[in-house]
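Visitor: Can you look at this prediction? I've put the sequence above it.
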Amino acid sequence: MRSKSSNKQPPASSTKRNTGRTYSRSAIKKPTNKREIKPQIDAKDKKIVLFNKPFDVLCQFTDDADRKTLAEFIPIKDVYAAGRLDRDSEGLLLLTNCGKLQNTLTAPNKKTNKTYWVQVEGEPSTESIQALCKGVELKDGLTLPANVKMIEEPNIWQRTPPVRERKSIPTTWLSITINEGKNRQVRRMTAHIGHPTLRLIRYSIGNYTLDDINNGEYKIIKGSVNA
């Protein structure tokens with residue numbers, strides 16, 4: 001008579017499986033990704049540079065393509081731009097060594113007002129101005145309500161090179177105040193209503209303005225950093 005086959009499994013091997021790993025996972029140091037905390041600056045050492053940026057100047061101190069930069073105008077070390085201003089735009093650029101002020105002026109949730117003087121082609125209608133005030137739909141979303149009004153041509157410097165105006169088409173100056181920072185937002189807003197921007201000058205950032213600063217020159221404020 002045949003013996004019945006046993007249902008017992010062979011005993012598990014006591015030998016550990018070789019994974020081929022020659023190191024211990026516990027010995028691997030994981031990156032901490034902690035940001036370096038910069039020491040706070042004493043109040044007396046805090047500084048703000050208000051610069052009236054000319055046309056065709058980059059908002060940086062170096063450039064590999066040998067274009068005009070801030071280094072040609074501002075011989076001050078350890079200050080950095082709070083926000084940017086396009087190369088083809090002019091006016092107020094604020095630089096500081098105070099990280100808190102930089103954040104206050106640039107963080108989207110802070111809603112810092114920035115006012116621009118904008119020369120546009122043609123004469124916008126009242127309806128077009130109201131549309132900008134309410135918000136217009138751009139490719140990257142609806143703009144927030146803005147303060148927009150027609151103004152007289154401001155008493156400002158001549159641009160080099162001058163703006164190309166068409167003799168058969170008049171131009172209009174607008175004051176546009178926004179508190180967000182979509183890329184080239186003001187230019188896209190005026191283009192949306194059918195009036196391309198010819199010249200754009202930033203007049204103010206928060207409480208800071210261009211007043212008494214000639215184009216290409218700067219003013220230093222020390223100590224106080226209120227936005």
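Guide: Nice, thanks for sending it over.
Visitor: quick one: the helices in the protein?
Guide: 99-106, 126-134, 185-192 (DSSP state H).
Visitor: taking the mean pLDDT, what do you get for the second one?
Guide: Helix 126-134 carries an average pLDDT of 97.
Visitor: Packing partners of that helix?
Guide: Helices and strands touching helix 126-134, as assessed by 3 or more Cβ pairs under 8 Å, 6 or more residues apart in numbering; DSSP states H and E, comprise strand 147-151. Placement of C-beta: from N, CA and C, glycine included.
Visitor: list the buried ones in the strand it packs on?
Guide: By neighbour count on 16 or more other Cβ atoms under 10 Å, the buried set for strand 147-151 is residue 148.
Visitor: what does stretch 120-138 give?
Guide: 120, 121, 122, 124, 128, 129, 131, 132, 136, 138.
Visitor: May I have the phi/psi pair for the residue positioned nearest the centre of the chain?
Guide: Nearest residue to the geometric centre of the chain (Cα atoms, centre = their mean): residue 83, 4.0 Å. Residue 83 adopts backbone torsions of phi 90, psi 180, taken as degrees, to the nearest 10.
Visitor: Contact partners for the nearest residue to it once chain neighbours are set aside?
Guide: Nearest residue to residue 83, sequence neighbours excluded (Cβ to Cβ, 6 or more residues apart in numbering): residue 106, at 4.9 Å. Residue 106 sits next to 82, 83, 112, 181 when contact means Cβ atoms under 8 Å, 6 or more residues apart in numbering.
Visitor: Buried only: go through those residues for me.
Guide: The buried subset of the contacts of residue 106 - by 16+ other Cβ under 10 Å - is 82, 83, 112.
Visitor: With respect to residue 98, which of these is nearest?
Guide: Residue 98 has its nearest neighbour among these in residue 82, at 8.8 Å by Cβ to Cβ.
Visitor: got CSV for the buried ones among the contacts of residue 106, with pLDDT too?
Guide: Converted to CSV, the buried ones among the contacts of residue 106 look like this (pLDDT from 0 to 100):
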residue, pLDDT
82, 91
83, 87
112, 93
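Visitor: quick one: buried residues of stretch 152-165?
Guide: 156, 159.
Visitor: now that stretch: mean pLDDT?
Guide: Mean predicted confidence for stretch 152-165 is 93.
Visitor: Run through who's touching it.
Guide: By Cβ under 8 Å, 6+ apart, stretch 152-165 touches 54-55, 90, 117, 119, 121, 171, 173, 198-199, 201, 214-215.
Visitor: Try it again at 10 Å.
Guide: Here stretch 152-165 makes contact (Cβ atoms under 10 Å, 6 or more residues apart in numbering) with 52, 54-56, 90-91, 117, 119, 121, 171-173, 175, 197-199, 201, 203, 210, 214-216.
Visitor: hmm, back to that, closest to residue 151 out of the contacts of residue 106?
Guide: residue 112 (21.3 Å).
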